[in-house]
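Colleague: Need a 3D model of the sequence below.
(one chain, ligands or ions: 1)
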Amino acid sequence: MTKALEGVRILDFTHVQSGPTCTQLLAWFGADVIKVERPGVGDITRGQLRDVPEVDSLYFTMLNHNKRSITLDTKNQSGKAVLEELIKNCDVLVENFAPGALDRMGFTWERVQELNPAMIVASIKGFGPGPYQDCKVYENVAQCTGGAASTTGFRDGLPLVTGAQIGDSGTGLHLCLGIVTALFQRTKTGRGQKVSAAMQDGVLNLCRVKLRDQQRLAHGPLNEYSQYGEGIEFGESVPRAGNDSGGGQPGRILKCKGWETDPNAYIYFITQAPVWEAICDVIGEPEWKTHPDYAKPVARLPRLNAIFARIEEWTMTKDKFEAMAILNDRDIPCGPILSMKEIAEDQSLRATGTIVEVEHPERGNYLSVGNPIKLSDSPTDVTRSPLLGEHTDEILRDVLRFDERTIDELQKSGALGTPQQLAAE
Ligand code: CAO
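Modeller: Residues are numbered from 1 along each chain as shown. Next comes the predicted model:
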């Protein structure tokens, strides 16, 4: 079976998390992704948060599946010449270096255009043009500057960053969409273009509803936030909303049986208006169906704390999976708080390929998140990440069509690494 992006070749100049997330998706959709890495060290994450000595970390292996690796010193003259050949032979260059790094290497947009006018150059930076454009950025900086941290956490606590990597993986997803869109446009124009995704912008895009709330504040309190029911005034900015639901259907995280000892014995419970009567029956408050304080959503808003306290009395009598089963039977939207252990052991996620077990020659088997986007005509087969420089010779020979003498000369030039580095690989 063919893959959606078969025939597309990606020059993958990415590192750490944001860029590799993007190129991994492209590889899963069938593109040939050639990861260019610095001789000797490679992507810095190969050696970060290692659980097994001298073996590529899970940080690296879980972000670089289905790619090939070539080591190349792009600051060496011969290395630059190889990079030029790669640019001529690839469709897309993806990079997430610090601002200006690619230019300093000598590969400005103009130079890349000269070498290959059809090339798409896709970049992730921390910020778009403006006062912070030259700053280096990591995940949590983007969460803080994109509006996520100021709106996450509890009103009386510090701003909080979230576990979901919305700055890195989120921006990688945005960039991936930009790349396939540019590839589609190129089928009509024949031209390449620049694709840029700033991490601040990506996080803000995911915080769209909070900018909505910022503007609603001008017209009165946000009455689905707990603080409304508690009679606490709103300030000038969107406050942290704790676990209040972001939409018009109030929700909370409630304790379930076992919460005293299990940190994840909780369920997210949504008091969706159309199923209010079912909720009243389940929790044993049938008179709330017609009581003027409870029957209508607007009447409930100032009483949410008391309502959820009553619902919690019920959820605490059930474990989270029992509660999920009973509530779903009645179409009441809810979700158990699943631990990473429970997710890792979930057989249905394995069956769909969302969790996959991958074999690695140096670390053995490990679990990874597979492709969360399923295409019926382009299924994903997850293969292991490459060892550092594993495909250097293959790429020089088969992609760039270099003969043995040229490859030998390149090795002597140090462009592929010093003899010690090459031996270490
Ligand atoms: N051969 C030779 N040199 C190479 C090379 C190669 N194959 N690959 C990279 N380099 C060089 C770069 O040219 C750069 O050199 P200069 O500083 O002399 O221009 C140098 O390596 C370091 O690159 P960097 O500045 O990108 O790396 P860093 O570790 O200092 O910064 C990061 C990391 C992530 C903060 C920065 O890359 C960045 O801000 N990227 C954009 C935003 C982003 O993606 N952040 C998310 C990271 S995931 O949390």
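Colleague: interface residues of the stretch 151-300 of the chain facing the ligand?
Modeller: Contacts of the stretch 151-300 of the chain with the ligand, taken as C-beta under 6 Å from any ligand atom, map to residue 168. Where you see a C-beta, it was placed from the backbone N, CA and C, and this is true even at glycine.
Colleague: what about 8 Å?
Modeller: 165, 167-168, 171, 199 (C-beta under 8 Å from any ligand atom).
Colleague: can you redo those residues as a markdown table with pLDDT, neighbour count and secondary structure?
Modeller: Shown next, in a markdown table, are these (pLDDT from 0 to 100; neighbours: other C-beta atoms under 10 Å; DSSP: H, G, I helix; E, B strand; the rest coil):
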| residue | pLDDT | neighbour count | secondary structure |
| --- | --- | --- | --- |
| 165 | 98 | 18 | coil |
| 167 | 98 | 30 | coil |
| 168 | 98 | 28 | helix |
| 171 | 98 | 33 | helix |
| 199 | 98 | 29 | helix |
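Colleague: Return the member of those residues nearest to residue 321.
Modeller: residue 165 (27.4 Å; C-beta to C-beta).
Colleague: ok, the closest one - contacts?
Modeller: Residue 165 makes contacts with 17, 139, as judged by C-beta atoms under 8 Å, 6 or more residues apart in numbering.
Colleague: Indicate the residue of the stretch 151-300 of the chain located nearest to the ligand.
Modeller: residue 168 (4.5 Å; C-beta to the nearest ligand atom).
Colleague: Please report the distance of that residue from residue 395.
Modeller: Here the criterion is C-beta to C-beta, to the nearest Å. By it, residue 168 lies 27 Å from residue 395.
Colleague: If you count neighbours, what's buried in stretch 167-177?
Modeller: Buried residues in stretch 167-177, defined by neighbour count with 16 or more other C-beta atoms under 10 Å: 167-176.
Colleague: Just the ones of those in helices?
Modeller: Counting by DSSP state H, the buried residues of stretch 167-177 place 168-176 in helices.
Colleague: What number of residues are in the vicinity of residue 59?
Modeller: By the criterion of other C-beta atoms under 10 Å, residue 59 has 20 neighbours.
Colleague: right, and it touches residue 45 too?
Modeller: Yes - contact criterion C-beta atoms under 8 Å: residue 59 and residue 45 qualify, at 4.5 Å.
Colleague: who touches both of these two?
Modeller: Contacts common to residue 59 and residue 45, judged by C-beta under 8 Å, 6+ apart, are residue 17.
Colleague: list the contacts for the spatially most central residue of the chain?
Modeller: In the chain, the C-alpha nearest the mean C-alpha coordinate belongs to residue 169, at 2.3 Å (C-alpha atoms, centre = their mean). Residue 169 makes contacts with 17-18, 21, as judged by C-beta under 8 Å, 6+ apart.
Colleague: Perfect, that will be all.
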